[in-house]
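Enquirer: got a predicted structure plus its sequence, pasted below:
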Amino acid sequence: MRTQVGIVGAGPAGLMLSHLLHLGGIESVVLECRNRQYIEDRVRAGVLEQGTVDLMIETGVGERLRREGLRHEGVWFSFGGRRHRINLSELTGGRAITVYAQQEVVKDLVQARVSAGGQIVFEVDELSVHDLDSTRPKIRYRKDGVAHELSCDFIAGCDGFHGVCRPSVPEGVIAVYERVYPFAWLGILAEAAPTSEELVYTYHERGFALFSMRSPQITRLYLQCTPDEDLTLWPDDRIWEELCARMRTEDGWEPAVGPVIQKGVTGMRSFVIEPMQFGRLFLAGDASHIVPPTGAKGLNLAISDVWVLSQALESFYKSGRSDLLDQYSAKCLQRIWKVQRFSWWMTSMLHLFPGGDGFDHRRQLAELDYITSSRAGMTTLAENYVGLPLD
Ligand SMILES: Cc1cc2nc3c(=O)[nH]c(=O)nc-3n(C[C@H](O)[C@H](O)[C@H](O)COP(=O)(O)OP(=O)(O)OC[C@H]3O[C@@H](n4cnc5c(N)ncnc54)[C@H](O)[C@@H]3O)c2cc1C
């Protein structure tokens, strides 16, 4: 088998790349180890930057997003018992974020690829990548017990943090920059109508909490917990008690309680590799970087990487130029490090660190006060939160 671009992983990065390449007249095959239902049901991110929304709409996969996505022109920060709103749109010339669950983005992209006759091979096993520094790299895998080899011009490693592409790069080529945080998030999805139309980030002496939503009927809530938190110690009643204790404000605002339909613990890390390319292997999305979820950037970064990669591949196939491919890593990393900085900053401002003392507490409160009262502070937050320009 042969294709122009072999894509490993059908997450947002791999699917969007395949979609963009198709629009540019470039053939690709996506290889995914899970089945279609699994990737379409996987609950993860849910906040789309303006650039991600624009790209989905402009490339014809944004119809349902436009109909069902919840556009938010503001965001709330709660501390000292009070909520403070930052008007994102007013501070960024009309830009906003849109709440639309990652699994819905995945469904829309899968649907678009399938309708266009695109090839996504689900449930592949034992996938490995070869001859990366040649002009004919290969992907070997098994499907239903049968061995296959896909010969490509390029391979896109969009297989997430635990994928096989990054570890296939020879030792010594890639430098890793990393921070692991001493806390995690216990997240729930609940059948409860959101009591705020916009997200509420809470700093509290019991720990961070985040109020978010996925639809007019479903609330998504998170609590700061320990990285090895035992979920069996968190029956629903205890989760609600803790959420309300952290989120309730002086004016009586708190989340509405309802049946918990999903629960999980997400670790927090900042991780970047440099470079994001080896020979004809290009890494994109979580395969090359991870951000703590506080800035709501993981999915958006995956989309911005593949946007840059698709432009570079188009330039290669249309005019034989390889300069944009050579610049892929440097170009993505410029934006990635700004997003890493923002995600680290939001995380540091809003969480309790073990060993933190009265100094840290007062410094964090002062910072929150500044970014919710100074126009310059609010603008910095707003322009990063709605998303830095894609290109
Ligand atoms: C539990 C969890 C919760 C999250 N919550 C948030 C959040 O609230 N907000 C936020 O902004 N971000 C969140 N993120 C991050 C966000 O979901 C990711 O940044 C985003 O999914 C990145 O997309 P991707 O396509 O790069 O990788 P992924 O979505 O991880 O996709 C990689 C794909 O590759 C496949 N794959 C892996 N290995 C192989 C292999 N060997 N062969 C074939 N296929 C393979 C996987 O099955 C997967 O489908 C969360 C992530 C996790 C894990």
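Expert: That came through fine. Residues are numbered from 1 along each chain as shown.

Enquirer: is there any residue in the biggest helix by length in the chain that contacts the ligand?
Expert: In the chain, assigned by DSSP state H, the helix with the most residues is helix 323-350. No: residues of helix 323-350 are not located near the ligand by CB under 6 Å from any ligand atom, the shortest gap being 8.8 Å. Glycine gets a C-beta too; all of them are placed from N, C-alpha and C.

Enquirer: enumerate the residues of this protein near the ligand.
Expert: 8-14, 31-34, 39, 44-45, 102, 124, 127, 158-160, 163-164, 266, 285-286, 293, 296-299, 302.

Enquirer: quick one: mark the members of those residues that sit in strands.
Expert: Judged by DSSP state E, the residues of the chain next to the ligand include V8, L31, V124, L127, T266 as members of strands.

Enquirer: ok, of these, which one's closest to E254?
Expert: T266 (23.0 Å; CB to CB).

Enquirer: next secondary structure after the longest helix of the chain?
Expert: As assigned by DSSP states H and E, the chain's next helix or strand after helix 323-350 is helix 358-373.

Enquirer: report the angle between that following helix and helix 323-350.
Expert: If you take axes from the mean of the first three to the mean of the last three CA atoms, to 10 degrees, helix 358-373 sits at 120 degrees to helix 323-350.

Enquirer: which of the residues of the chain next to the ligand are buried?
Expert: Buried by 16 or more other CB atoms under 10 Å: 8-14, 31-34, 39, 44-45, 102, 124, 127, 158-160, 163-164, 285-286, 293, 296-299, 302, out of the residues of the chain next to the ligand.

Enquirer: and the helices in the stretch 201-350 of the chain?
Expert: 236-247, 298-319, 323-350 (DSSP state H, counting those that start in this stretch).

Enquirer: tabulate those helices (a markdown table), appending mean pLDDT.
Expert: Shown next, in a markdown table, are those (pLDDT from 0 to 100):
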| stretch | mean pLDDT |
| --- | --- |
| helix 236-247 | 98 |
| helix 298-319 | 98 |
| helix 323-350 | 98 |
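
Enquirer: most tightly packed of the ones you listed?
Expert: Highest mean neighbour count among these (mean count of other CB atoms under 10 Å): helix 298-319, with a mean of 22.

Enquirer: packing partners for that helix?
Expert: With contacts taken as 3 or more CB pairs under 8 Å, 6 or more residues apart in numbering; DSSP states H and E, helix 298-319 sits against helix 12-23, strand 47-48, helix 50-58, strand 146-157, helix 323-350.

Enquirer: quick one: that helix to helix 323-350, angle?
Expert: 170 degrees.

Enquirer: alpha carbons only: can I get helix 298-319 in CSV?
Expert: C-alpha atoms of helix 298-319 as CSV (Å, rounded to 0.1, in the frame of the first residue of the first chain):
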residue,chain,number,x,y,z
GLY,A,298,-4.4,21.0,24.5
LEU,A,299,-6.9,20.5,21.7
ASN,A,300,-6.3,24.0,20.3
LEU,A,301,-2.5,23.5,20.1
ALA,A,302,-3.0,20.2,18.3
ILE,A,303,-5.1,22.0,15.7
SER,A,304,-2.6,24.8,15.2
ASP,A,305,0.3,22.3,14.7
VAL,A,306,-1.5,20.5,11.9
TRP,A,307,-2.6,23.8,10.3
VAL,A,308,1.1,24.7,10.0
LEU,A,309,2.0,21.2,8.8
SER,A,310,-0.8,21.1,6.2
GLN,A,311,0.5,24.4,4.7
ALA,A,312,4.0,23.1,4.6
LEU,A,313,3.0,19.9,2.9
GLU,A,314,0.8,21.7,0.4
SER,A,315,3.7,24.0,-0.5
PHE,A,316,5.9,20.8,-1.0
TYR,A,317,3.4,19.1,-3.3
LYS,A,318,2.3,22.2,-5.2
SER,A,319,5.7,23.8,-5.8
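
Enquirer: fine by me, we can end here.
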